[in-house]
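In: Quick one, structure for this:
(one chain, ligands or ions: 1)
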Amino acid sequence: MRVMVTGSAGFIGGHIVECLEAAGHEVVGFDVRAGEDVRDGDALDRLLPGVQAVVHQAAKVGLGVDVSDLPDYASVNMYGTAVLLAAMARHAVGRLVLASSMVVYGEGGYTCPAHGPVRPGPRVVADLDAGRFEPVCPRCGAEVASVVIGESAQADPRNAYATSKLAQEHLAANWARETGGDAVALRYHNVYGPRMPRDTPYAGVAAIFRSELAAGRAPLVFEDGRQRRDFVHVWDVARANLAALAAPAPPGTLAAFNIASGVPHTIGEMAVALAAARGGPDARVVGGYRLGDVRHIVASPERAAAVLGFRAEIGFEDGMKGFAWS
Ligand code: UD1
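Out: You can find the predicted model right below:
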């Protein structure tokens with residue numbers, strides 16, 4: 001299949017290109033580093049003829065530094081996707097695989113001992129300042145237990161990046177309905193692996209810790225280090241994109257899938273694993289918090305397994321050992 005990969009020179013996009021080419025697909029790269037911006041309809045018009053599917057990875061990523069980042073998230077991620085979808089319609093490209101994110105859920109899933117499944121609201125500053133990091137039941141205030149979240153959970157975007165990722169999903173669903181095309185949104189969990197960007201305020205925590213260790217400094221773990229995430233290796237994420245391209249999808253709709261390892265770990269455990277792999281210095285739990293952060297977000301990988309035939313293959317221990325020196 002002839003496939004355009006936007007963000008083809010990026011961390012995840014680059015691995016997807018390699019994976020698709022190894023599987024025999026013909027890849028058309030599209031990347032702002034080559035002067036190609038998804039907000040530029042003319043550039044898309046030059047490269048889309050003959051393309052049968054688009055794998056859309058180009059995005060402004062990360063949590064953002066402050067509110068001055070809002071226009072960029074809206075412009076690159078929301079407007080850029082709108083321009084891309086309109087161009088795909090002009091060129092009768094009927095298949096989209098979209099890089100979405102677990103951040104669309106906000107906090108993960110929780111159960112209250114008294115009230116069953118609940119979705120806690122944003123954490124309160126006074127609680128965070130007092131070191132009370134665990135979310136509480138919105139009905140009775142009791143501490144709640146973290147459980148895996150499935151794709152049908154209600155979205156609750158809590159920062160500009162999350163809002164822009166959810167907007168991308170909605171725009172893709174609009175495009176699918178209008179054109180009869182089909183769209184797959186892959187909600188990536190915490191992606192890590194070789195060529196992960198470093199030394200940027202927009203980097204994920206694994207890259208920050210690796211950079212600190214490489215500089216001989218201890219990784220600094222915020223909160224109490226017991227916040228949970230699902231770390232999924234970028235090679236698995238690339239395979240998920242390949243699977244999404246191959247899986248039959250109902251026309252006119254968008255289907256969303258968690259892309260996760262299914263084996264969550266705490267940030268503290270991740271820091272310890274990376275520090276051990278590099279022979280130190282040891283991680284330090286320093287407390288403190290970032291306002292936009294959620295506490296726990298762990299996912300069910302079952303829908304991706306059932307529908308896309310995708311399961312992550314690279315385990316946490318092996319993945320982190322390789323990543324520590326990549
Ligand atoms: C990350 C990405 C997000 C992506 C999502 C899924 C960033 C900033 N976030 O979200 O874009 O969509 O994965 O792939 O790229 N922490 C520390 N020490 C640090 C930095 C962070 O302890 O030096 C902690 C944070 O407080 C948080 C956790 O690590 O509890 C995860 O942080 P991070 O990787 O930045 O963000 P995610 O919310 O997991």
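In: From what I see, Ala167 and Tyr79 are in contact.
Out: No. Taking contacts as Cβ atoms under 8 Å, Ala167 lies outside contact range of Tyr79: 9.7 Å. C-beta: built from backbone N, CA, C; applies to glycine.
In: Work out for me the element Pro138 sits within.
Out: For Pro138, there is no host helix or strand (DSSP states H and E).
In: Neighbour count: Ala167 and Tyr79, which is higher?
Out: Neighbours were tallied for Ala167 and for Tyr79 using other Cβ atoms under 10 Å; the higher tally belongs to Ala167 (19 against 16).
In: quick check, that one in a helix?
Out: Yes. Assignment of Ala167 by DSSP: H, G, I helix; E, B strand; the rest coil places it within a helix.
In: what is the mean pLDDT for stretch 133-150?
Out: Mean pLDDT, stretch 133-150: 95.
In: I meant stretch 266-274, not that one.
Out: pLDDT averaged over stretch 266-274 gives 98.
In: what residues are up against Arg198?
Out: Ala207, Ile208, Arg210, Ser211 (Cβ atoms under 8 Å, 6 or more residues apart in numbering).
In: Farthest-apart pair in those residues, please.
Out: Ile208 and Arg210 (7.4 Å; Cβ to Cβ).
In: List the buried residues for stretch 136-156?
Out: Val136, Cys137, Val144, Ser146, Val148, Ile149, Glu151, Ala153, Asp156 (16 or more other Cβ atoms under 10 Å).
In: Identify the farthest-apart pair in those residues.
Out: Of all pairs in those, the most separated under Cβ to Cβ is Val136 and Glu151 at 25.2 Å.
In: just the strands in the stretch 51-200 of the chain please.
Out: 53-56, 95-101, 109-112, 116-118, 145-147, 182-188, 190-192 (DSSP state E, counting those that start in this stretch).
In: do you know which of those strands lies nearest Leu44?
Out: The nearest among those, by Cβ to Cβ, is strand 53-56 at 9.3 Å.
In: Partner strands of the closest one and their direction?
Out: Strand 53-56 sits in its sheet next to strand 2-6 (parallel), strand 95-101 (parallel), going by DSSP bridges.
In: now, of these, which is deepest in the fold?
Out: strand 95-101 (a mean of 25; mean count of other Cβ atoms under 10 Å).
In: now that strand and strand 182-188, what's the angle there?
Out: Angle, strand 95-101 to strand 182-188, by axes from the mean of the first three to the mean of the last three Cα atoms, to 10 degrees: 20 degrees.
In: what does strand 95-101 contact?
Out: 7, 12, 52-57, 59, 81, 85, 88, 161-162, 165-166, 168-169, 172, 175-176, 181-188, 241, 244-245, 249, 254, 256.
In: returning to what we had before: just the ones of the contacts of Arg198 in helices?
Out: Ala207, Ile208, Arg210, Ser211 (DSSP state H).
In: For the closest residue to the ligand within the stretch 51-200 of the chain, which non-adjacent residue is spatially closest?
Out: The nearest approach of the stretch 51-200 of the chain to the ligand comes at Ser101, 3.5 Å away (Cβ to the nearest ligand atom). Excluding the flanking residues, the one nearest Ser101 by Cβ to Cβ, 6 or more residues apart in numbering is Lys165, at 4.7 Å.
In: For burial, what's the neighbour tally of the one you found?
Out: 28.
In: Hmm, Asn77 and it touching each other?
Out: Yes. Under the criterion of Cβ under 8 Å, Lys165 makes contact with Asn77 at 6.9 Å.
In: Identify the contacts common to those two.
Out: Common neighbours of Lys165 and Asn77 (Cβ under 8 Å, 6+ apart) are Ala59.
In: okay, now Leu220: neighbour count?
Out: Applying other Cβ under 10 Å, I find that Leu220 has 15 neighbouring residues.
In: Would you mind listing what in the stretch 51-200 of the chain touches the ligand?
Out: Residues of the stretch 51-200 of the chain found near the ligand (Cβ under 6 Å from any ligand atom) are Val61, Gly62, Leu63, Ser101, Met102, Val103, Tyr161, Tyr188, His189, Asn190, Val191.
In: Could you give the bridge partners of the last one?
Out: Each beta-bridge partner of Val191 is listed here: Val232, as defined by DSSP bridges.
In: Much appreciated, bye for now.
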